[in-house]
Every structure is written in C-alpha cells, then in structure tokens.
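A structural model of the following input is requested.
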Amino acid sequence: MRGLLSFLLCLFCASPVLAQQATRVPVEQNGRTIQLTAQLYRPASPQPLPAVAIFHGCGGVGVNNTRMAELLKGWGYVALVVDSFSARGLKDVCGRNWPTPAAAQERAHDIDAALAWLGKQNFVDAKRLAFMGYSYGGGVAMLRALSPASDTKAPTPARAAILVYPDCALADALGAKLAIHQPTLIAMAALDDWTPVSQCKAVLDRIVQGRDLVETHIYEGAYHSFDALGLPVRYLEGVGNRSKPGGCCGAHYGASEAAWKAFVADVKAFLAKTLGP
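Down below sits the predicted model:
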C-alpha cells in the first residue's frame, strides 16, 4: 500500500511536467541547421489558437519563462519556450563577456524560426502569433520588433511583441531613425540598473514610424528580474552591464510582487487586444 501511495504521489507531482511537450525548432546558422530545444504548452481546444514564442535572458531558460508559459496556456494561448543556448553549447552568458550585438543579431533568427514552426502547427492560428523576450532575449526581440525606417518590409509575421526589461542598447546598431511594424509592449523596472529605462527611452525617441504602436509600462520600486518571485533583491558584482563604461560590471536584480502582478495584468490585456479575433 505504501508503495502504491508513493507511486500515485509521484504521478500527481509529475502531472505539470506531463502537461508540456518537448520539441525542437530548426534554425539555419552559418550554412547548417541547428535544432533548438523547446517546450510546448498547449491548451486543450478543438480550434486553432493564438500562440506566443518566449525567449529567455542571459542565464538561459528560467522559472519566470515557464511560469509565464503556464499563465498563457491558462489564458487560452499556445506557448513555446525556446532554448537558444543548449544547442549552441551555451549555459550562461551573463558574465563579463556580455553578448555582442552580432551575437544578438544571430540569435534573432531564432525568433523567425520559432514563429515559422508555430505557424505550421495545425493547432495554432498562424495569423495570431506573438513573440516575447526577457532581458538579453528582450533586446533580441527588440531587434525583430524594430527596423531601420528605410526598410518597409515587416521583419516578422507576428501580430504583437512583448519586451520584458529588454537590453535596449542592442538597438544602437539599427540606425538613427527606426520603424516598428506590430503592436509592442515594453515592460520596464523603474530602478533597473542593468537594462535601464533611460536606454529604452532613447530607442523610443528614434522611432519615426509606428510610434503609436508602442505601449510602455514602468513599474515603480522594481529592479531587473522583478518577476523572479521569491528572490530578494541583490547585487551581482560580476555580471556584464552594457549600460556601464566598457560594458562592465555589476547590477541589481530581484523580485517585486507588486510589479509582477501589474505586469501579468498588462500582458493579459495587451494580448487580448492584439491577438483577439
């Protein structure tokens, strides 16, 4: 009886894991195909659903990414959490060797690949796709959400983008005049000294086409990674920091429950508005 009880408890505890599906997303890089690992979160529905591709920060896929995927699933969206690092032999790029703009541009192809993969699934409505990036992944997502104003071709088939405390300095290479092609929510922390609000405001000031498509939210009293629930704010001395001279070093990060709750409400409302029928 004790053995049976233990077995049933294991099944119960494992049920959230069984609710998601491991998959792979092919992306072309330097003439070869890389198979990115990804986790699919899919609501039960007889009809094709809107979908959101999620891209992690410099530390790889985190609990904040999977927590958001679960929320999206509960709201009726397909969510795909993409791991950009494992297939490339990376684990954590938060240190002094902070990702270069060239590396970010290369990773931006992961967004195109994920959206293309989602668009081919019969349980996804290919006309209602969005992408969402965090921190370094948010900066990469910004590269896809924006383009030089002279480029009239939309960079992705997405209907919406969400940038969460993004590394806005990555947009410096895009030029002095920028265009945006889809509704974009930018969520920032007022006290962020890793990817500061001032850098994102400087990018917004360069948008000459589609500025009305941008929705910004700044959460007062919050630092970078305000969605890392349960993690007290701390200072990391050794992390790369593009906002400091020479790109080094140190930044604060940690949770703010108030910011997290406001952020969740903002994301839910934004997606209902942009990915609705």
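
Give me the contacts around stretch 102-109.
27-29, 84, 99, 136-137, 139-140, 143-144, 167, 170, 173 (Cβ atoms under 8 Å, 6 or more residues apart in numbering). In short, each C-beta sits where N, CA and C put it, glycine included.

same question, stretch 232-241
Residues outside stretch 232-241 that contact it (Cβ under 8 Å, 6+ apart) are 58, 94-98, 193-194, 223, 247-255.

ok, the nearest residue to Ala169 once chain neighbours are set aside - contacts?
Take Ala169 and drop its neighbours on the chain: the residue closest to it by Cβ to Cβ, 6 or more residues apart in numbering is Arg242, 4.4 Å away. Residues near Arg242 by Cβ under 8 Å, 6+ apart: Trp98, Asp167, Ala169, Leu170, Thr195.

Secondary structure and pLDDT for those - can I get that in a markdown table?
Below are those laid out as a markdown table (DSSP: H, G, I helix; E, B strand; the rest coil; pLDDT from 0 to 100):
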| residue | secondary structure | pLDDT |
| --- | --- | --- |
| Trp98 | coil | 80 |
| Asp167 | coil | 95 |
| Ala169 | helix | 93 |
| Leu170 | helix | 93 |
| Thr195 | coil | 96 |
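
Highest neighbour count among these?
Ranked by neighbour count (other Cβ atoms under 10 Å), those have Asp167 at the top, with 31 neighbours.

separation between it and Trp117?
When Cβ to Cβ, to the nearest Å is applied, the distance between Asp167 and Trp117 equals 25 Å.

same deal with Pro166?
23 Å.

higher neighbour count, the two?
More crowded of Pro166 and Trp117, by other Cβ under 10 Å: Pro166, with 30 against 22.

That one reaches Arg144, doesn't it?
No - using Cβ atoms under 8 Å, Pro166 is not in contact with Arg144, being 11.2 Å away.

before we move on, the earlier item: tell me which of the contacts of stretch 102-109 fall in helices.
Counting by DSSP state H, these place Tyr136, Gly137, Gly139, Val140, Leu143, Arg144 in helices.

Could you pick out the buried ones from those residues?
Buried subset of the ones in helices among the contacts of stretch 102-109 (neighbour count, 16 or more other Cβ atoms under 10 Å): Tyr136, Gly137, Gly139, Val140, Leu143, Arg144.

For the fifth one, which non-adjacent residue is closest in space?
The shortest distance from Leu143 to any residue that is not its chain neighbour, by Cβ to Cβ, 6+ apart, is 4.7 Å, and that residue is Ala108.

name the element the one you found belongs to?
Element membership for Ala108 (DSSP states H and E) is helix 101-119.

got it, and Ala79?
Per DSSP H and E: Ala79 is located in strand 78-83.

residues touching Ala202, list them.
Neighbour list for Ala202: Cys168 [criterion: Cβ under 8 Å, 6+ apart].

hang on, Phe263 in a helix?
Yes - per DSSP: H, G, I helix; E, B strand; the rest coil, Phe263 lies within a helix segment.
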